[in-house]
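Peer 1: pasted the sequence and its predicted model underneath.
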Amino acid sequence: PPPVERRAIFEVEQEAPPVVLSGLTLNHSRHGPALRVTGAQLSIENCNISNNPISALLVLGGSVLVQSTRFEWNGMLDERVAGGAIQMRGGELVVRDSVLAGNRAHLGGGALVDSATYCRFHGTRIENNRAKSMGGAIFARNATVVLTDETLLDRNHAEAGNSIFLNQSASPPSELAKVA
């Protein structure tokens, strides 16, 4: 499904200088994702992002670094929701020492990575997420996903790909790498 076009609690647009969010709690967004990044540079550090009915973080291009942040109980099992914790459609994303837990979506309960993006999970726990259709933890299409340094995928559930669903029919095909 296409990204849900609604207002976020916090939006970072292409013209913005690099932004750092640290120590924030962002929850109960009623009109869209908690955070929306469009072609900008954003660092999220030591934040708690929870209980948002649409994706917690929507990335539409740009560069995003997430460190020591918890994404919990975001999204819902609805065809309009892709990527319960993180919905990425372009750009680069690095997630370090973070937790994606209890998130829900139609595709990619934990994260949806789409459209020639690069996404790296480093020392991150992705657990207890659920997708109604594909990719309990991660759904990837036209994307490169790298799992490094003891990233844990545990107890995720979906009709197809409890942990990871790679859409190989896309061009270019998705890639998954496990790096020590």
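Peer 2: Received, thanks. Note that the structure is predicted; figures quoted are calculated from it, not measured.
Peer 1: tell me the bridge partners for the closest residue to G83 other than its chain neighbours.
Peer 2: Excluding the flanking residues, the one nearest G83 by CB to CB, 6 or more residues apart in numbering is L112, at 3.3 Å. The C-beta positions use only the backbone N, C-alpha and C, and glycine is treated the same way. As for beta bridges, L112 partners with Q87, F139 under DSSP bridges.
Peer 1: for the most centrally placed residue in the chain, what are its contacts?
Peer 2: Central residue of the chain (CA atoms, centre = their mean): I86, 1.8 Å from the mean position. Contacts for I86 (CB atoms under 8 Å, 6 or more residues apart in numbering) come out as S55, A56, L57, V59, F71, L93, V95, L100, G110, A111, L112, V113.
Peer 1: tell me the pLDDT of R6.
Peer 2: R6 is assigned 60 on the pLDDT scale.
Peer 1: returning to what we had before: among the contacts of I86, find the lowest-pLDDT one for me.
Peer 2: In this model, the minimum pLDDT among these belongs to S55 (89).
Peer 1: so that residue is in contact with P33, correct?
Peer 2: Yes. S55 is within contact range of P33, at 4.6 Å (criterion: CB atoms under 8 Å).
Peer 1: low pLDDT regions in this protein?
Peer 2: 1-6, 116, 168-180 (pLDDT under 70).
Peer 1: swap the cut-off to 50 and go again
Peer 2: When residues are selected by pLDDT under 50, those of the chain lie in 4.
Peer 1: can you tell me which residues contact N48?
Peer 2: N48 touches L24, T25, L26, N27, T69, R70, E72, counting by CB under 8 Å, 6+ apart.
Peer 1: could you rerun that using 6 Å?
Peer 2: Listed by CB atoms under 6 Å, 6 or more residues apart in numbering, the contact partners of N48 are T25, R70.
Peer 1: then L26?
Peer 2: Neighbour list for L26: I9, A34, I49 [criterion: CB under 6 Å, 6+ apart].
Peer 1: list the beta-bridge partners for it.
Peer 2: Here L26, judged by DSSP bridges, has bridge partners I49.
Peer 1: so who does R130 touch?
Peer 2: R104, G109, G136, H157.
Peer 1: measure stretch 30-42 end to end?
Peer 2: Using CA to CA, to the nearest Å, the end-to-end distance of stretch 30-42 comes to 22 Å.
Peer 1: neighbouring contacts of it?
Peer 2: Under the contact criterion CB under 6 Å, 6+ apart, stretch 30-42 has outside partners 6-14, 16, 18-19, 26, 49, 52, 54-64.
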